[in-house]
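Need coordinates for the following:
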Amino acid sequence: MSVIGWKLDTQERSSLLERFPPEWPDVIADHITLKLGADGHDCLPSQNKGNIVGVVSDGNGLQTMIVAIAGETDRPDGSTFHILVARSQPWPSSGRKRRFDCFARMGAFGHANPDPDSACPVLTHAVATLG
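Now for the predicted structure:
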């Protein structure tokens, strides 16, 4: 599947994992998706900074950081900008639905810090994975 989004810098990833320790053994925490199913007509995003504005954990094998890009947490497809921090085990592709169900149950800001001065910055660079 073709994807456009942002890849986290390795040092920034390490800092985030120190600040928000993974709760589950399968640690990901390496990207933020902008668009699934991208094609050659989609442009890379120009924005290269985001803020961690909350952490959501369902207590059942899923932990994510909610990210604001240009002040918005909503992706164009209606889901939420996030970094999948850790999960209890790798999932089949059906795991995506579980992640979004977690956001819906807890609310994207279930554990968020709404104060932008204390939000944790994320430095990223735009990437496209085609194929």
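
So the nearest residue to Ala70 once chain neighbours are set aside: helix, strand or coil?
Counting by Cβ to Cβ, 6 or more residues apart in numbering, Gln47 is the residue found nearest to Ala70 once chain neighbours are left out, at 5.2 Å. Glycine gets a C-beta too; all of them are placed from N, C-alpha and C. Following DSSP: H, G, I helix; E, B strand; the rest coil, the label given to Gln47 is coil.

List the buried residues for stretch 36-49?
38, 45 (16 or more other Cβ atoms under 10 Å).

Would you mind measuring the gap between the ends of stretch 31-48?
12 Å (Cα to Cα, to the nearest Å).

make that stretch 2-21, sorry
Terminal residues of stretch 2-21 lie 29 Å apart, using Cα to Cα.

Repeat that for stretch 36-45.
13 Å.

okay, and for this protein, where does confidence drop off?
1, 91-121, 123-126, 128-131 (pLDDT under 70).

Report the beta-bridge partners for the closest residue to His82 other than its chain neighbours.
Spatial nearest neighbour of His82, chain neighbours left out: Thr64 (4.5 Å); criterion: Cβ to Cβ, 6+ apart. For Thr64, the beta-bridge partners are Val56, Leu84 (DSSP bridges).
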